[in-house]
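Asks: Need a 3D model of the sequence below.
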Amino acid sequence: MKRFFVILILCALFYACKPGIPKDIIQPDKMEKVLHDIHIVDGYSTSFANPDSSKKIISSLYKGIYKKFGIDSALYNQSLDYYYKHPDVMKKMYDNISLNLNKEKEDFSKMIALENIKTSLSGAALLAPPAKSLDSTFKMGTNPLKMYTIDYPVQ
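Replies: Next up is the predicted model:
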């Protein structure tokens with residue numbers, strides 16, 4: 001019975017001493033989402049021709065990300081420093097971020113391809129004459145297509 005308690009206490013101590021992410025650091029799952037959004041904004045910033053105007057827009061977008069996740073820039077930078085010092089955790093996060101970004105890129109490419117197909121089909125439909133259908137009540141001797149002939153007198 002003594003051995004059981006000793007083993008139980010050792011296991012509890014080993015589990016309690018296991019290094020984890022400190023409470024004052026953004027946890028990895030939340031940090032992944034923050035970094036994902038940050039990288040989306042960074043990619044968006046490369047589309048601006050004027051770097052000065054992009055800085056103003058990007059800083060407001062960063063503030064929006066911080067507000068979305070309930071953090072501030074100091075906590076973000078502190079957490080980023082922590083993860084830079086723990087590259088194994090950072091690598092796992094970036095593997096997941098990379099997978100998510102690639103999946104979003106594929107989904108976006110598929111969506112653009114579908115839009116292009118719809119546009120080309122609607123353009124072809126505009127060029128084609130409208131389809132004429134016959135009524136199921138068509139009877140011989142009637143003119144369902146409303147085609148009339150005009151007889152001009154011969155001179």
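
Asks: who does the longest helix along the chain touch, helix- and strand-wise?
Replies: Selection of the longest helix in the chain by residue count, based on DSSP state H, yields helix 87-127. Taking 3 or more C-beta pairs under 8 Å, 6 or more residues apart in numbering; DSSP states H and E as contact, the helices and strands that helix 87-127 lies on are helix 28-45, helix 73-85. Using the backbone N, CA and C atoms, a C-beta is placed for each residue, glycine as well.

Asks: One more pass at 6 Å, please.
Replies: helix 28-45 (3 or more C-beta pairs under 6 Å, 6 or more residues apart in numbering; DSSP states H and E).

Asks: average model confidence for the helix it packs on?
Replies: Helix 28-45 shows a mean pLDDT of 93.

Asks: Buried residues of it, list them for me.
Replies: If you call a residue buried by 16 or more other C-beta atoms under 10 Å, then helix 28-45 has these buried ones: P28, M31, E32, K33, V34, L35, H36, D37, I38, V41.

Asks: quick check: angle from that helix to helix 87-127?
Replies: Taking axes from the mean of the first three to the mean of the last three C-alpha atoms, to 10 degrees, helix 28-45 and helix 87-127 form an angle of 50 degrees between their directions.

Asks: what about the residue nearest to Q27 when sequence neighbours are not counted, how many residues close to it?
Replies: In space, and not counting its chain neighbours, Q27 is closest to I21: 5.7 Å by C-beta to C-beta, 6 or more residues apart in numbering. Number of residues near I21 (other C-beta atoms under 10 Å) recorded here: 15.
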